[in-house]
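Visitor: Based on what follows, work out the 3D shape:
(chains A, B and C)
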Amino acid sequence: MFHLSHLRYFYAVAQTRSIRKAAESLHVAQSAVSRQIKNLEEELGVPLFDRHPRGVRLTDAGQILAKYAQQTMLNLDRIRSEIDDLRALRRGTVKICTVEAGLIDILPQVIRDFRRRYPAVSVTLLTRGSQGVVDTILNDDADLGLAFNAPYHPDVEAVATQPQRLYAAVAPDHAIAGKKQVKLSELKAYPIALPDTSFGIRQLVDQIQQSAQLRIEPVLTTDSIQMLVSFARLGLGVAFLPFFAIKGEIRNERIAAVPLADHPARNANAEIIVHKGRQLPIPAEEFLDELKKALRLLK
DNA sequence: CAACAATCACAACTTATCGT
DNA sequence: ACGATAAGTTGTGATTGTTG
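Guide: Below is the predicted model:
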């Protein structure tokens, strides 16, 4: 097998025109260099050096190899320095795929902090439904995925999980606003907005409906979390949202949120997911750390 | 003879391949 | 999944052969 160290040996010999001197500068025995050169010549099927009593001289074949060896050594220096840059987070891109709810609060904050620490690393952000986030991760079109109740897939690994109950979000003056918790069946009377079926939220609500033998007719179906938030805030009715989508609105008292009591909604999770077995790029590792911290603060 | 490369025997490691 | 063992690699130092 052709090894980089062979090329290093060859290059040293070509430069010093001497196996002995090359060995000296490489801090190995002369015999070791001699043998590597011989192996290289056997591998290529042609002598690379003419042997002379005072050293060696490149053959025509040797000249050709020397030309590329030099380029390779130079490239190697470059590669090393670029990788050093990457390690020091002086370059690179982090690709993230998230459900829309992640855009409202958590990701802007994490991106702000991350950008402050690593200004030279850029961020690419995609928005999908929970299923779409999983698919994007499986295709390696993103390094990290943020999803709510992501559908299970054997090749996807949840590297962080934060319990995230599903809430009935309403305007502060809504009839249910003060309640400790509500069951889905109690909300039947109110106008309801739901995201479409590609959302983890919708999957959950549908599960509840099924086990509770309910049939809810939403007055609004949308692919926009932002729209659901507005629906609740403007008092149009009840929207179902996980905490991390409405954290800010609750704090500002623009929305009141009542946790859903029905079982599947109680142990829903926000998850950070990655492609199982995939070695993450260094910037993504760093971003993941930040994102994990932010996720833990979601309560 | 001095300078040099080639070769050999052996040690220390690493890698591949088993059988359990 | 595991350790035992064989098979390569890469190293060293001693030695040999060639030649100006």
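
Visitor: residue boundaries of the helices in the stretch 51-200 of chain A?
Guide: A:60-87, A:101-104, A:106-117, A:130-138, A:200-211 (DSSP state H, counting those that start in this stretch).

Visitor: Can I get the third one as CSV, trimmed to CA atoms?
Guide: So the one you mean is helix A:106-117. Extracted in CSV, the C-alpha atoms of helix A:106-117 (Å, rounded to 0.1, in the frame of the first residue of the first chain):
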residue,chain,number,x,y,z
ILE,A,106,-34.8,28.8,21.1
LEU,A,107,-32.8,28.8,17.9
PRO,A,108,-32.5,32.6,17.5
GLN,A,109,-31.0,32.7,21.0
VAL,A,110,-28.7,29.8,20.4
ILE,A,111,-27.6,31.2,17.1
ARG,A,112,-27.0,34.6,18.7
ASP,A,113,-24.7,33.1,21.4
PHE,A,114,-23.0,30.8,18.9
ARG,A,115,-22.3,33.6,16.5
ARG,A,116,-20.8,35.7,19.3
ARG,A,117,-18.4,32.9,20.1
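
Visitor: Which single residue of the stretch 101-250 of chain A ends up nearest DNA strand B?
Guide: With Cβ to the nearest atom of the strand, the shortest gap between the stretch 101-250 of chain A and DNA strand B falls at A:D155, namely 25.2 Å. For every residue, glycine as well, the C-beta is placed using N, CA and C.

Visitor: Quick one: the strands in the stretch 151-299 of chain A, in order.
Guide: Secondary structure of the stretch 151-299 of chain A (DSSP state E, counting those that start in this stretch): strands at A:156-163, A:166-170, A:192-195, A:220-222, A:238-242, A:256-259, A:269-275.

Visitor: Could you look over those strands and pick the most buried one?
Guide: Sort the strands of the stretch 151-299 of chain A by mean neighbour count, taking mean count of other Cβ atoms under 10 Å, and strand A:238-242 sits at the top with a mean of 28.

Visitor: hang on, the earlier thing: list the contacts for the residue of the stretch 101-250 of chain A closest to DNA strand B?
Guide: Contact partners of A:D155, counting by Cβ atoms under 8 Å, 6 or more residues apart in numbering, are A:L138, A:H275, A:K276, A:G277.

Visitor: Just the pLDDT for the residue of the stretch 51-200 of chain A found nearest DNA strand C.
Guide: Proximity of the stretch 51-200 of chain A to DNA strand C (Cβ to the nearest atom of the strand) peaks at A:P53, 4.1 Å away. On pLDDT, A:P53 comes in at 85.

Visitor: Neighbours of it, how many?
Guide: Using other Cβ atoms under 10 Å, A:P53 is surrounded by 4 other residues.

Visitor: Next, it: phi, psi?
Guide: As for A:P53, its main-chain torsions (degrees, to the nearest 10) stand at phi -60, psi -30.

Visitor: Give me the ChimeraX select line for the contacts of A:D155, limited to the buried ones.
Guide: In ChimeraX syntax, the buried subset of the contacts of A:D155 is picked out as below (16 or more other Cβ atoms under 10 Å):
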select /A:138,275
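
Visitor: As TSV, the contacts of A:D155 with distance to DNA strand B and pLDDT would be great.
Guide: Supplementary listing: these in TSV, determined by distance: Cβ to the nearest atom of the strand, whole Å; pLDDT from 0 to 100:
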residue	distance to DNA strand B	pLDDT
A:L138	29	95
A:H275	25	93
A:K276	23	90
A:G277	19	82
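
Visitor: Tell me the one of the contacts of A:D155 nearest DNA strand C?
Guide: For these, the nearest to DNA strand C is A:G277 (13.7 Å; Cβ to the nearest atom of the strand).
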